[in-house]
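In: How does the following fold in three dimensions:
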Amino acid sequence: MLFRIRMKLICFFALLTALSSIEANKRISLGSDWTIYNADQPKAIVVHNLTVPFSVHSALLRDNIIQDPYYRYNDVNYRWITKNSSWTFVQRFRIDDPGIIGHSVQADLVFHSIDTVASVYLNKRFVLFARNEFLKYIVEDVNDKLVLGDNVLELFFQPPVQHALDLATVYPYRMPPECPPDVQHGECHVNFLRKQQSSFSWDWGPAFAPIGLQGDVYLNLYDRFDFDFSLAIFPMRMLNIDDWIVDVLVDARYNSKVPSAKALITVSIDELNYSDNQTFINLDEQMHFVSNISRLTHPLKLWWPNGYGSQQLYDVTVNVQYMGMSVTKTKRTGFRSVQLVQDPISSSVDGLTFFFRINLVDMFLKGSNWIPANAFREKITDEYLEWLLNSTVNANMNVLRVWGGGMYESESFYDLADRLGIMIWQDFMFACAAYPTNDDFLENVAAEVAHQALRLRHRPSIIIWAGNNE
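Out: Sure thing, here's the model as predicted:
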């Protein structure tokens, strides 16, 4: 009996030694030195040394292969780029640490945004079919596909215009509108793709239908676990802005080679001298942490829209301890209550009010419709966003409606909205169309909605989510 216990301890410590092949969770960035090529044209096109984010259009423009896509009729002249051309994106990288390959380290391949339809191969082995611009893709545990030395990551992009047509052709029903008005010189069947609906043209914009990588790409390495978390803070009861609920959903990824153990989650706001923790029997994929905080014991300040007060923001820190390892992450948020007031109007039989009550104060919303600041996402700099949102404040606006034919905006956009007190009416990305209802499309949309809602639910600026644009 004593021998068996001793052998178990030896095996356990041997496992811990193997797991220490990386000192802490780390990333191998795959964001630079991309090459793209196209062999469909009479003369092969190759562009080197690209850094995410980028699109095919911006890559070709950088190397003077095309002129400015916005110039004169170039939106039509360059239709070949994404209408009937297939593009390959290639990233070559090295792994020189033998402690990673073939050991107990888990390596997840992460894409923050792939625009839009691509088959992904790692060292010639298929790992992912991407078909949603609005999803963050995490390909879990690709360690067995990595090699010591040179590795190759390839994305084979299908032309989105042709892919949309293919999907529409096999669908049993018409999904109107099938095509935009002729005057827009647009492309058809965009409602079959989870891609910016305006990318196939709109009454205010051309049909570029970009292909590209619009977010970070990296290998996420961890020997025990890693996690993301979503956060929401809301009043404990209606008409009460003194007592609040702190709601944290921890999304954990753990090494399957690690034995099960308890996990300790601690949530804290240092500025308010607030901290609470909870122990979970196992490190589950999702762990729900709920706690309370009161203005009566913690001197918290409220977040107010522009023109009504200051925009107090707090750093909420989440720490997870598991198997002797500690990982900490932080998000910035604010305390504010939101009510959409729809009370009967005494002078009308069926009429209801429609206004927002923020922190128990009735407010008049005055603002604008927000469409993407550029057809090519890589062209939207933080400096340009700051200029635009500061212009919103200077015009005495207090709300922007993120339009459903564009995109869920960047973290920089919502950071600015939070900091400047600009309320956000957030549409889901569906606009002016009927949409497929087959299982494949609905599963794709369900993943998108879950990802975006969890990504953004800590934002005090977002006061409502709307199903579509009209």
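
In: continuing past the one helix or strand S230 maps to, what's the next helix or strand?
Out: In the assignment (DSSP states H and E), S230 maps to strand 225-235. Beyond strand 225-235 on the C-terminal side, the first helix or strand identified by DSSP H and E is strand 243-254.

In: list the helices and strands whatever helix or strand comes next after that next one packs on?
Out: For strand 243-254, the following helix or strand on the C-terminal side (DSSP H and E) is strand 263-269. In terms of contacts (3 or more Cβ pairs under 8 Å, 6 or more residues apart in numbering; DSSP states H and E), strand 263-269 is packed against strand 243-254, strand 274-280, strand 286-294, strand 314-322. From N, CA and C alone the C-beta is placed, and that goes for glycine too.

In: So for D226, which of the ones you listed sits nearest?
Out: strand 243-254 (5.3 Å; Cβ to Cβ).

In: So which elements touch the closest one?
Out: strand 225-235, strand 263-269, strand 286-294, strand 314-322.

In: change it to 6 Å
Out: On a contact count with 3 or more Cβ pairs under 6 Å, 6 or more residues apart in numbering; DSSP states H and E, strand 243-254 meets strand 225-235, strand 286-294.

In: Show me the one of these that comes nearest G334.
Out: strand 225-235 (7.7 Å).

In: Kindly export the closest one (C-alpha atoms) in CSV.
Out: What follows is strand 225-235 as a C-alpha-only set of coordinates in CSV (Å, rounded to 0.1, in the frame of the first residue of the first chain):
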residue,chain,number,x,y,z
PHE,A,225,-4.6,26.1,-18.2
ASP,A,226,-5.7,29.4,-19.7
PHE,A,227,-8.9,31.3,-19.6
ASP,A,228,-11.0,34.2,-20.9
PHE,A,229,-13.8,35.8,-19.0
SER,A,230,-16.9,37.9,-19.6
LEU,A,231,-18.2,40.4,-17.1
ALA,A,232,-21.4,42.2,-16.4
ILE,A,233,-22.3,44.5,-13.5
PHE,A,234,-26.0,45.4,-13.0
PRO,A,235,-28.3,46.4,-10.2
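
In: Need the contact partners of it.
Out: 25, 241, 244-254, 283, 316, 318, 320, 322, 331, 333, 335, 337, 454, 457-458 (Cβ atoms under 6 Å, 6 or more residues apart in numbering).

In: Could you do stretch 272-289 as well?
Out: Counting by Cβ under 6 Å, 6+ apart, 225, 248-252, 254, 260, 262-268, 291, 293, 298, 300, 322 sit against stretch 272-289.

In: same check, this time on stretch 101-115
Out: Contacts for stretch 101-115 (Cβ under 6 Å, 6+ apart): 18-19, 21-22, 130, 133, 136-143, 146, 148, 210, 212, 214-223, 255, 257.

In: So, low pLDDT: which residues of the stretch 1-150 of the chain?
Out: 1-24 (pLDDT under 70).

In: Could you pull up the residues touching M175?
Out: Contacts of M175 (Cβ under 6 Å, 6+ apart): 191, 434.

In: does it count as helix, strand or coil?
Out: Following DSSP: H, G, I helix; E, B strand; the rest coil, M175 is assigned to coil.

In: Ramachandran coordinates for it?
Out: phi -120, psi 90 (degrees, to the nearest 10).

In: Also the one 10 residues further on?
Out: Dihedral angles phi and psi of H185 (degrees, to the nearest 10) take the values phi 50, psi 40.

In: Same check on F93?
Out: phi -140, psi 160.

In: so it sits right up against V152, yeah?
Out: No: at 8.2 Å, F93 and V152 do not qualify as touching, with contact defined as Cβ atoms under 6 Å.

In: ok so, going back, filter the contacts of stretch 101-115 down to the buried ones.
Out: 19, 21-22, 130, 133, 136-137, 139, 142-143, 146, 210, 212, 214-223, 255 (16 or more other Cβ atoms under 10 Å).

In: quick one: which of the residues you listed sit in strands?
Out: 130, 137, 139, 212, 217-222 (DSSP state E).

In: Which two of the residues you listed have the greatest separation?
Out: Across these (Cβ to Cβ), the longest gap, 28.3 Å, separates G212 and Y222.

In: so what's V399 scoring on pLDDT?
Out: V399 is assigned 98 on the pLDDT scale.

In: What count of nearby residues applies to it?
Out: 24 (other Cβ atoms under 10 Å).

In: so who does Q426 touch?
Out: Contacts of Q426 by Cβ under 6 Å, 6+ apart are 402, 462, 465.

In: can you give me the helices for the stretch 351-470 of the chain?
Out: If DSSP state H, counting those that start in this stretch is used as the criterion, the helices of the stretch 351-470 of the chain fall at 382-394, 411-420, 439-456.

In: out of those, which comes closest to P160?
Out: Nearest of these (Cβ to Cβ): helix 439-456, 14.6 Å.

In: neighbouring contacts of that closest one?
Out: So helix 439-456 is contacted by 132, 134-136, 194, 230, 408, 462 (Cβ under 6 Å, 6+ apart).
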